[in-house]
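A.B. asks: Next input, structure requested:
(one chain, ligands or ions: 1)
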Amino acid sequence: MYASTALDSISSLVSVLAVTSFFLLSYVRSVISWRNRRRGRPLPPGPAPLPVIGNLLDMPETRKWLGFQDLCTKYGGIVYLNVLGNHILAINDTSMAQELLEKRSANTCSRPSSVVIPLVGNDVSFSIMPYGQWWRDHRRAFWQVFHPGAMRGYRDTVRAFLHEFMRNTVSSPEGVEQYLYGMFAAIILKVLYGLDADEEGGELIDKIHESISCTTSVMISKHAVDIFPALRHVPAWVPGAGFQRAFAECKAAVEYARDMPFAKMQTFLSEGKLGGTSSALAALLARIDDTVDSAERAYAEDTVKNVGLTTFEAGPDTSFSILQAVFLAMSLYPEVLKKAQAELDAVVGPHRLPDFEDREALVYVNAIIKEALRWHVVTPLSVPHCTLEDDVFNGYFIPAGTTILPNVWAMLHDPAVYEDPEEFRPERFLRDGVPDPTVRDPYLFVFGYGRRICPGRHFADDLLYITIATVLHVFDIGPPLDEGGQPIKVKYEQTDALVTSVKDCRCVVQPRSEQARALIFGA
Ligand code: HEM
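C.D. replies: Residues are numbered from 1 along each chain as shown. Predicted coordinates for the structure are as follows:
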């Protein structure tokens, strides 16, 4: 009995020693490998890390773009943080961002990996996929239907929904925000699937919106499972594992958003209610080679489905957010609205609505669009990129797997470049009444960088231009009024999110004149 107890103690000791040696060896190996990779080169500047948690306490909590701006002011154009072993590089400097994200795009075009995203089913969105063949196939498919030459084909749809938006706004002006979001979502639904936002379509849009809100809130929140990935195996009934239920609900919403409109489109196609190339996704389906085997066909169809989901996630919220800012800016800066209307009267005249062909002549309206993109940066830290390989930049070691956050907000609010950056002032982009090419152009920043640059930017630009020009042509926009009829001063504030919106954009919207009203209802 004693002999067996002694043997048990020895074998436990051996196990403990084996486990300890394994961890020690792994640690020593990782230290050696880290030293070999760095070869004495320093990491970029940043606050000193603490043991184990690194710079966790230096990581900005909310409105990260402001915190990173402060850190970069202290440490230079770039700042490096190590948060629980994750390498993070924030960039405030435009030329450094250009060098790393454009010139070295081959190495900086991936996305940070996440434990949570697959759990909510959103790993099929190509805006989040890591660099590789899967992402390339999706991006290529998207580009086939959203390249600049394809834009003309969508303009009638855009005009039709814009006219409906204007009529709804005149009929019940208090619903303007809701109609605006509904318009962008309905345009995307029609362009992608050929489906109308009728009652059923409206429900589809609500559900799709729900899935987007849920995934974006999951993506920006902190989760224990991101730090301890093994927690993903804990069943939902275990106390403290309520996150599993929330993730499952989110996953169901994402699957609905991906599958339902697509299935509806396929039914309509098979019933002959839609032409084979009547929508962007129908056109992509029509391109799938008939001779491919069933596995390849399934992959190609899945790609088309995922392109639909990604477009819905990336398109309406961003465009809507810019329009919110324009409505608010017009009510805060009436002189800007008056100047735009004077230009529209001179170029377009009172008897018709603006069209795409008017764009070049509408210099001030174009300056308003640029200023809106600068003033209200929809994605202040862009969308994070991630490095594939170790790199050396300006003598600093940038490890593989580093998350790169270009602080686009800081670049577009630099007082050395834009005087009084908090003011909405389209004139900053003009000199002697024509565009000034020497002023930093927000278009070069707000749509991201390199191989990941927003592939929907041509569509977005078309949407923004025609909506803004038309709205300013026919509507007066003023501040909201209190019960005594006095104007309420609304303050511009941005929400704290990956895709931000304007917190409060209440305003009074009404036709500029009887002639404008006639134009709206005659359209
Ligand atoms: C004002 C409107 C918009 C802004 C400011 C905007 C901005 C951005 C930004 C900053 C990125 C990330 C780029 C990067 O990682 O470097 C992005 C990605 C993307 N955007 Fe947009 N976007 C807008 C509208 C749209 C629209 C209307 C669509 C669709 C029609 C769209 C589709 C996409 C897609 C699919 C991606 C993912 C690209 C990838 O990861 O490969 N965007 N957008």
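
A.B. asks: what's the neighbour count on the residue lying closest to Gly202 once chain neighbours are set aside?
C.D. replies: Excluding the flanking residues, the one nearest Gly202 by CB to CB, 6 or more residues apart in numbering is Gly182, at 7.7 Å. Any C-beta I mention is one placed from the backbone N, CA and C, and that applies to glycine too. The number of residues packed near Gly182 is 22, by other CB atoms under 10 Å.

A.B. asks: try Glu371
C.D. replies: The number of residues packed near Glu371 is 24, by other CB under 10 Å.

A.B. asks: Pretty sure it sits against Phe429.
C.D. replies: Yes - at 6.7 Å, Glu371 and Phe429 qualify as touching, with contact defined as CB atoms under 8 Å.

A.B. asks: buried stuff in the host helix or strand of the residue nearest to Gly202?
C.D. replies: Assigned by DSSP states H and E, Gly182 belongs to helix 176-193. Within helix 176-193, the residues scored as buried using 16 or more other CB atoms under 10 Å are 176-177, 179-193.

A.B. asks: Stretch 244-260 too?
C.D. replies: When neighbours are counted by 16+ other CB under 10 Å, the buried residues of stretch 244-260 are found to be 244, 246-247, 250-251, 253-254, 256-258, 260.

A.B. asks: Using a markdown table, lay out those residues together with pLDDT and secondary structure.
C.D. replies: A markdown table is the format used below for these (pLDDT from 0 to 100; DSSP: H, G, I helix; E, B strand; the rest coil):
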| residue | pLDDT | secondary structure |
| --- | --- | --- |
| Gln244 | 88 | helix |
| Ala246 | 86 | helix |
| Phe247 | 89 | helix |
| Cys250 | 89 | helix |
| Lys251 | 92 | helix |
| Ala253 | 89 | helix |
| Val254 | 91 | helix |
| Tyr256 | 91 | helix |
| Ala257 | 91 | helix |
| Arg258 | 93 | helix |
| Met260 | 91 | helix |
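
A.B. asks: where does the stretch 151-300 of the chain have low pLDDT?
C.D. replies: Low-confidence regions of the stretch 151-300 of the chain, defined by pLDDT under 70, span residues 199-201, 275-277.

A.B. asks: Which residue ranges of the stretch 201-350 of the chain form helices?
C.D. replies: According to DSSP state H, counting those that start in this stretch, the stretch 201-350 of the chain carries its helices in the segments 224-227, 243-270, 280-287, 294-314, 316-332, 334-347.

A.B. asks: Make CSV from these and add distance to the ligand to it.
C.D. replies: Shown next, in CSV, are these (distance: least, CB to the nearest ligand atom, whole Å):
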stretch, distance to the ligand
helix 224-227, 20
helix 243-270, 14
helix 280-287, 9
helix 294-314, 3
helix 316-332, 3
helix 334-347, 19
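
A.B. asks: Just say which of those helices is most tucked in.
C.D. replies: Comparing these by mean neighbour count (mean count of other CB atoms under 10 Å), helix 316-332 ranks first with a mean of 24.

A.B. asks: Who are the packing partners of it?
C.D. replies: For helix 316-332, the packing partners by 3 or more CB pairs under 8 Å, 6 or more residues apart in numbering; DSSP states H and E come out as helix 176-193, helix 334-347, helix 363-375, helix 457-474, strand 475-478.

A.B. asks: The stretch 301-450 of the chain against the ligand: which residues are in contact?
C.D. replies: Contact residues (CB under 6 Å from any ligand atom) of the stretch 301-450 of the chain with the ligand: 310-311, 314-315, 318-319, 322, 378-379, 382-383, 385, 446-449.

A.B. asks: Mind giving me the packing neighbours of the single longest helix found in the chain?
C.D. replies: Longest helix in the chain, counting residues (DSSP state H): helix 2-38. Packed against helix 2-38 by the contact rule (3+ CB pairs under 8 Å, 6+ apart) you find no helix or strand.

A.B. asks: which of the residues in that helix are buried?
C.D. replies: So for helix 2-38, nothing qualifies as buried (16+ other CB under 10 Å).

A.B. asks: from the middle of its chain, how far away would it be?
C.D. replies: 46 Å (CA atoms, centre = their mean, to the nearest Å).

A.B. asks: mean confidence for that helix?
C.D. replies: The average pLDDT for helix 2-38 rounds to 78.

A.B. asks: repeat for stretch 103-114
C.D. replies: Mean predicted confidence for stretch 103-114 is 96.

A.B. asks: Centre of the chain to that stretch, how far?
C.D. replies: Stretch 103-114 sits 16 Å away from the centroid of its parent chain (CA atoms, centre = their mean).

A.B. asks: now stretch 144-154
C.D. replies: Offset of stretch 144-154 from its chain centre (CA atoms, centre = their mean): 20 Å.

A.B. asks: Convert it to PDB, retaining C-alpha atoms only.
C.D. replies: The C-alpha coordinates for stretch 144-154 follow below in PDB (Å, rounded to 0.1, in the frame of the first residue of the first chain):
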ATOM      1  CA  GLN A 144     -18.200  43.000 -61.300                       C
ATOM      2  CA  VAL A 145     -21.400  44.800 -60.400                       C
ATOM      3  CA  PHE A 146     -20.200  47.900 -58.600                       C
ATOM      4  CA  HIS A 147     -17.400  49.100 -60.900                       C
ATOM      5  CA  PRO A 148     -17.600  52.800 -62.100                       C
ATOM      6  CA  GLY A 149     -19.100  51.800 -65.400                       C
ATOM      7  CA  ALA A 150     -22.000  49.900 -63.700                       C
ATOM      8  CA  MET A 151     -23.300  53.000 -62.000                       C
ATOM      9  CA  ARG A 152     -25.400  54.300 -64.900                       C
ATOM     10  CA  GLY A 153     -27.500  51.100 -64.700                       C
ATOM     11  CA  TYR A 154     -28.600  52.000 -61.100                       C
END
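
A.B. asks: doesn't Thr310 make contact with Ser125?
C.D. replies: Yes - contact criterion CB under 8 Å: Ser125 and Thr310 qualify, at 4.6 Å.

A.B. asks: how about TSV for the helices and strands packed on helix 316-332, with distance to Ser9 added?
C.D. replies: Output for the helices and strands packed on helix 316-332, formatted as TSV (distance: least, CB to CB, whole Å):
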stretch	distance to Ser9
helix 176-193	68
helix 334-347	82
helix 363-375	71
helix 457-474	69
strand 475-478	82
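
A.B. asks: Which of those has the lowest mean pLDDT?
C.D. replies: Looking at these, the bottom one is helix 176-193 with a mean of 94.

A.B. asks: From the contact counts, what lies against that one?
C.D. replies: When contacts are defined as 3+ CB pairs under 8 Å, 6+ apart, helix 176-193 packs onto helix 155-171, helix 199-220, helix 243-270, helix 280-287, helix 294-314, helix 316-332, helix 457-474.

A.B. asks: rerun at 7 Å
C.D. replies: Applying 3 or more CB pairs under 7 Å, 6 or more residues apart in numbering; DSSP states H and E, we find helix 176-193 packed against helix 155-171, helix 199-220, helix 243-270, helix 280-287, helix 294-314, helix 316-332.

A.B. asks: List the contacts of the second one.
C.D. replies: Identification of contacts with helix 199-220 by CB atoms under 7 Å, 6 or more residues apart in numbering yields 116-117, 120, 122, 182, 185-186, 189, 195, 197, 250, 253-254, 256-257, 260-261, 312-313, 317, 497-499.

A.B. asks: Near the ligand, which residues of the stretch 101-250 of the chain are found?
C.D. replies: Counting by CB under 6 Å from any ligand atom, the stretch 101-250 of the chain sits next to the ligand at 126-127, 139, 142, 146.
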